[in-house]
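Colleague: how does the following fold in three dimensions:
(one chain, ligands or ions: 1)
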Amino acid sequence: MSGKMVVISGFSGAGKGTVIKRLREKYEGYVLSVSMTTRKPRDYETNGVEYHFVSNEAFEELIGQDGFMEHAGYADHYYGTPKAFVVENMRAGRDVLLEIEVQGAMQIRDKYPGTPMIFISPPDAEELERRLTGRGSEEEETANKRLRQADREVELLPDYDYLLINDDVDACADSLNRIIRMPEEAVSDGGSQKASEGGEIVTDAGKKKAFAEAFRMGLRGILQRRGIL
Ligand code: 5GP
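Modeller: Numbers count the residues shown, from 1 in each chain. Next up is the predicted model:
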(Lines give C-alpha, C1' and ligand atoms only; values in the text may rest on other atoms or scores of the structure.)
Protein backbone atom coordinates (compact mmCIF):
# COMPACT_ATOMS: atom_id res chain seq x y z
CA MET A 1 0.00 0.00 0.00
CA SER A 2 1.40 3.41 -0.81
CA GLY A 3 2.09 6.01 1.85
CA LYS A 4 0.78 9.55 2.18
CA MET A 5 2.34 12.92 1.65
CA VAL A 6 1.64 15.36 4.51
CA VAL A 7 2.37 19.09 4.74
CA ILE A 8 3.43 20.53 8.10
CA SER A 9 4.04 24.24 8.56
CA GLY A 10 4.47 26.48 11.56
CA PHE A 11 6.24 29.56 12.81
CA SER A 12 10.00 29.25 12.56
CA GLY A 13 11.63 28.45 15.91
CA ALA A 14 8.36 27.57 17.64
CA GLY A 15 8.98 23.87 18.12
CA LYS A 16 7.47 22.07 15.11
CA GLY A 17 10.79 20.32 14.45
CA THR A 18 10.71 18.90 17.99
CA VAL A 19 7.14 17.65 17.52
CA ILE A 20 8.05 15.94 14.23
CA LYS A 21 11.10 14.35 15.84
CA ARG A 22 8.93 12.99 18.67
CA LEU A 23 6.36 11.68 16.17
CA ARG A 24 9.06 9.74 14.36
CA GLU A 25 10.47 8.34 17.62
CA LYS A 26 7.06 7.16 18.80
CA TYR A 27 5.53 5.87 15.58
CA GLU A 28 6.82 3.70 12.74
CA GLY A 29 6.68 4.40 9.05
CA TYR A 30 7.29 8.15 8.88
CA VAL A 31 10.08 9.83 6.92
CA LEU A 32 10.95 13.49 6.72
CA SER A 33 11.54 14.82 3.24
CA VAL A 34 15.05 16.30 2.91
CA SER A 35 14.69 19.64 1.16
CA MET A 36 17.12 21.36 -1.14
CA THR A 37 18.21 24.90 -0.31
CA THR A 38 20.65 27.55 -1.50
CA ARG A 39 21.24 28.92 2.01
CA LYS A 40 24.49 28.15 3.79
CA PRO A 41 24.59 25.29 6.29
CA ARG A 42 24.55 26.22 10.00
CA ASP A 43 27.35 24.91 12.28
CA TYR A 44 25.39 21.87 13.39
CA GLU A 45 24.02 20.92 9.96
CA THR A 46 25.31 18.21 7.65
CA ASN A 47 24.79 18.14 3.90
CA GLY A 48 22.22 15.48 3.02
CA VAL A 49 20.81 15.28 6.56
CA GLU A 50 18.93 18.52 7.36
CA TYR A 51 19.11 19.73 3.76
CA HIS A 52 20.85 19.19 0.47
CA PHE A 53 22.86 22.41 0.29
CA VAL A 54 23.35 23.45 -3.34
CA SER A 55 24.30 26.41 -5.53
CA ASN A 56 21.77 28.64 -7.26
CA GLU A 57 22.73 27.03 -10.57
CA ALA A 58 22.11 23.50 -9.34
CA PHE A 59 18.77 24.53 -7.84
CA GLU A 60 17.65 26.22 -11.04
CA GLU A 61 18.72 23.23 -13.07
CA LEU A 62 16.39 21.00 -11.06
CA ILE A 63 13.57 23.53 -11.50
CA GLY A 64 14.18 23.24 -15.27
CA GLN A 65 13.89 19.47 -15.04
CA ASP A 66 10.59 19.73 -13.16
CA GLY A 67 12.31 17.97 -10.28
CA PHE A 68 10.46 19.67 -7.40
CA MET A 69 7.09 18.94 -5.82
CA GLU A 70 7.14 22.64 -4.85
CA HIS A 71 9.73 25.35 -4.36
CA ALA A 72 9.73 28.84 -2.91
CA GLY A 73 11.91 31.84 -2.19
CA TYR A 74 12.27 32.52 1.53
CA ALA A 75 14.64 34.92 3.30
CA ASP A 76 16.61 35.53 0.07
CA HIS A 77 17.15 31.84 -0.70
CA TYR A 78 15.52 29.03 -2.59
CA TYR A 79 13.94 26.10 -0.74
CA GLY A 80 12.34 23.12 -2.48
CA THR A 81 11.10 19.56 -2.07
CA PRO A 82 12.80 17.17 -4.54
CA LYS A 83 10.24 14.84 -6.13
CA ALA A 84 12.31 11.67 -6.28
CA PHE A 85 12.63 11.15 -2.50
CA VAL A 86 8.93 11.70 -1.89
CA VAL A 87 7.81 9.38 -4.67
CA GLU A 88 10.23 6.58 -3.71
CA ASN A 89 9.21 6.63 -0.06
CA MET A 90 5.49 6.79 -0.75
CA ARG A 91 5.90 3.78 -3.06
CA ALA A 92 7.68 1.96 -0.24
CA GLY A 93 4.59 2.56 1.93
CA ARG A 94 6.02 5.29 4.16
CA ASP A 95 4.23 8.50 5.10
CA VAL A 96 6.37 11.41 3.93
CA LEU A 97 6.36 14.61 5.99
CA LEU A 98 7.05 17.91 4.22
CA GLU A 99 8.15 20.54 6.74
CA ILE A 100 7.80 23.60 4.55
CA GLU A 101 6.82 27.27 4.71
CA VAL A 102 3.44 28.61 3.70
CA GLN A 103 4.07 29.55 0.04
CA GLY A 104 5.31 26.07 -0.83
CA ALA A 105 2.49 24.55 1.20
CA MET A 106 -0.10 26.37 -0.90
CA GLN A 107 1.55 25.04 -4.08
CA ILE A 108 1.18 21.49 -2.76
CA ARG A 109 -2.46 22.13 -1.89
CA ASP A 110 -3.14 23.33 -5.45
CA LYS A 111 -1.09 20.66 -7.27
CA TYR A 112 -1.92 17.68 -5.07
CA PRO A 113 -5.43 18.22 -3.68
CA GLY A 114 -6.32 16.01 -0.76
CA THR A 115 -2.87 16.27 0.84
CA PRO A 116 -3.42 16.86 4.57
CA MET A 117 -2.27 20.38 5.46
CA ILE A 118 -1.32 20.89 9.11
CA PHE A 119 -0.25 24.11 10.83
CA ILE A 120 1.42 23.71 14.23
CA SER A 121 1.24 26.78 16.47
CA PRO A 122 1.99 27.73 20.05
CA PRO A 123 -1.18 28.56 22.04
CA ASP A 124 -0.71 32.33 21.61
CA ALA A 125 1.68 35.02 20.36
CA GLU A 126 3.13 35.61 23.83
CA GLU A 127 4.19 31.96 24.00
CA LEU A 128 5.76 32.27 20.54
CA GLU A 129 7.80 35.25 21.77
CA ARG A 130 8.85 33.29 24.89
CA ARG A 131 10.05 30.37 22.77
CA LEU A 132 11.96 32.67 20.43
CA THR A 133 13.67 34.73 23.10
CA GLY A 134 14.39 32.09 25.72
CA ARG A 135 17.89 31.49 24.40
CA GLY A 136 19.88 34.65 25.15
CA SER A 137 19.97 38.25 24.00
CA GLU A 138 22.43 37.81 21.13
CA GLU A 139 19.53 36.24 19.26
CA GLU A 140 17.26 39.30 19.63
CA GLU A 141 17.68 40.15 15.98
CA THR A 142 16.74 36.63 14.87
CA ALA A 143 13.71 36.70 17.15
CA ASN A 144 12.59 40.04 15.69
CA LYS A 145 12.92 38.66 12.17
CA ARG A 146 10.93 35.56 13.04
CA LEU A 147 8.19 37.56 14.73
CA ARG A 148 7.83 39.73 11.64
CA GLN A 149 7.75 36.59 9.50
CA ALA A 150 5.09 35.09 11.78
CA ASP A 151 2.95 38.16 11.21
CA ARG A 152 2.92 37.34 7.48
CA GLU A 153 2.45 33.59 7.94
CA VAL A 154 -0.49 33.81 10.32
CA GLU A 155 -2.60 35.20 7.48
CA LEU A 156 -2.49 31.84 5.69
CA LEU A 157 -3.12 29.78 8.82
CA PRO A 158 -6.90 29.48 8.20
CA ASP A 159 -6.17 27.91 4.77
CA TYR A 160 -4.73 24.82 6.46
CA ASP A 161 -7.01 21.82 7.10
CA TYR A 162 -5.80 21.33 10.65
CA LEU A 163 -4.55 23.75 13.25
CA LEU A 164 -2.65 21.84 15.90
CA ILE A 165 -1.95 23.71 19.13
CA ASN A 166 1.42 22.79 20.53
CA ASP A 167 1.33 23.11 24.29
CA ASP A 168 2.95 19.76 25.06
CA VAL A 169 5.36 17.94 22.73
CA ASP A 170 4.19 14.41 23.48
CA ALA A 171 0.50 15.25 23.24
CA CYS A 172 1.12 17.14 20.04
CA ALA A 173 3.01 14.21 18.48
CA ASP A 174 0.07 11.92 19.34
CA SER A 175 -2.42 14.34 17.78
CA LEU A 176 -0.28 14.62 14.66
CA ASN A 177 -0.27 10.84 14.30
CA ARG A 178 -4.06 10.73 14.70
CA ILE A 179 -4.60 13.45 12.08
CA ILE A 180 -2.45 11.56 9.57
CA ARG A 181 -3.48 7.96 10.27
CA MET A 182 -6.98 8.26 11.79
CA PRO A 183 -8.36 11.51 10.36
CA GLU A 184 -11.98 10.47 10.84
CA GLU A 185 -11.38 10.09 14.60
CA ALA A 186 -9.06 13.07 15.02
CA VAL A 187 -11.86 15.60 15.37
CA SER A 188 -15.09 14.60 17.00
CA ASP A 189 -16.79 17.62 18.53
CA GLY A 190 -17.63 19.99 15.73
CA GLY A 191 -14.20 21.19 14.77
CA SER A 192 -12.19 21.48 17.94
CA GLN A 193 -11.13 18.72 20.24
CA LYS A 194 -9.20 18.89 23.48
CA ALA A 195 -8.51 15.20 23.81
CA SER A 196 -7.09 14.15 27.13
CA GLU A 197 -4.30 12.26 25.38
CA GLY A 198 -3.54 14.82 22.66
CA GLY A 199 -2.87 18.47 21.77
CA GLU A 200 -5.84 20.50 20.60
CA ILE A 201 -6.88 19.97 16.97
CA VAL A 202 -8.97 22.66 15.29
CA THR A 203 -10.63 22.17 11.88
CA ASP A 204 -13.67 24.43 12.06
CA ALA A 205 -13.16 27.37 9.64
CA GLY A 206 -14.59 29.96 12.05
CA LYS A 207 -12.44 28.73 14.93
CA LYS A 208 -9.28 28.71 12.82
CA LYS A 209 -10.01 32.26 11.71
CA ALA A 210 -10.69 33.44 15.24
CA PHE A 211 -7.46 31.84 16.45
CA ALA A 212 -5.47 33.49 13.64
CA GLU A 213 -7.07 36.86 14.36
CA ALA A 214 -6.32 36.70 18.09
CA PHE A 215 -2.77 35.55 17.37
CA ARG A 216 -2.31 38.42 14.97
CA MET A 217 -3.50 40.98 17.51
CA GLY A 218 -1.10 39.52 20.07
CA LEU A 219 1.76 39.69 17.56
CA ARG A 220 0.96 43.30 16.73
CA GLY A 221 1.26 44.24 20.41
CA ILE A 222 4.58 42.41 20.68
CA LEU A 223 5.99 43.97 17.52
CA GLN A 224 5.01 47.42 18.79
CA ARG A 225 6.53 46.84 22.20
CA ARG A 226 9.76 45.66 20.58
CA GLY A 227 9.76 48.77 18.38
CA ILE A 228 9.61 46.89 15.06
CA LEU A 229 6.19 47.91 13.81
P1 5GP B 1 15.44 27.28 7.82
O2 5GP B 1 16.33 28.10 6.92
O3 5GP B 1 15.24 27.96 9.16
O4 5GP B 1 15.92 25.86 7.95
O5 5GP B 1 14.00 27.19 7.14
C6 5GP B 1 13.30 28.33 6.80
C7 5GP B 1 11.89 27.95 6.38
O8 5GP B 1 11.92 27.22 5.16
C9 5GP B 1 11.15 27.08 7.38
O10 5GP B 1 9.83 27.62 7.54
C11 5GP B 1 11.09 25.74 6.70
O12 5GP B 1 9.94 25.00 7.08
C13 5GP B 1 11.03 26.14 5.26
N14 5GP B 1 11.43 25.08 4.33
C15 5GP B 1 12.33 24.09 4.53
N16 5GP B 1 12.40 23.30 3.46
C17 5GP B 1 11.51 23.77 2.56
C18 5GP B 1 11.09 23.35 1.25
O19 5GP B 1 11.55 22.37 0.68
N20 5GP B 1 10.14 24.10 0.64
C21 5GP B 1 9.59 25.19 1.22
N22 5GP B 1 8.64 25.84 0.54
N23 5GP B 1 9.94 25.60 2.45
C24 5GP B 1 10.89 24.91 3.11
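Colleague: which bits of the protein sit near the ligand?
Modeller: When proximity is defined as CB under 6 Å from any ligand atom, the chain approaches the ligand at 12, 35, 39, 70, 72, 74, 79-81, 99-101, 103-104. Every C-beta, even on glycine, is put in place using the N, C-alpha and C of the backbone.
Colleague: quick check, nearest of those to V6?
Modeller: For the residues of the chain next to the ligand, the residue nearest V6 by CB to CB is E99; the value is 9.7 Å.
Colleague: can you give me the helices for the protein?
Modeller: Using DSSP state H, the helices assigned to the chain run over residues 16-26, 56-64, 83-91, 102-111, 125-133, 140-153, 169-181, 183-186, 205-225.
Colleague: what residues are up against the residue lying closest to F11 once chain neighbours are set aside?
Modeller: Counting by CB to CB, 6 or more residues apart in numbering, F11 lies nearest to A150, which is 4.5 Å off, once chain neighbours are set aside. Applying CB atoms under 8 Å, 6 or more residues apart in numbering to A150 gives the contacts 11-12, 125, 128, 219.
Colleague: show me which of those residues are buried.
Modeller: 11-12, 125, 128, 219 (16 or more other CB atoms under 10 Å).
Colleague: need those in CSV (columns: pLDDT and distance to Y112).
Modeller: Below are the buried ones among the contacts of A150 laid out as CSV (pLDDT from 0 to 100; distance: CB to CB, whole Å):
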residue, pLDDT, distance to Y112
F11, 95, 24
S12, 87, 24
A125, 97, 31
L128, 95, 29
L219, 97, 30
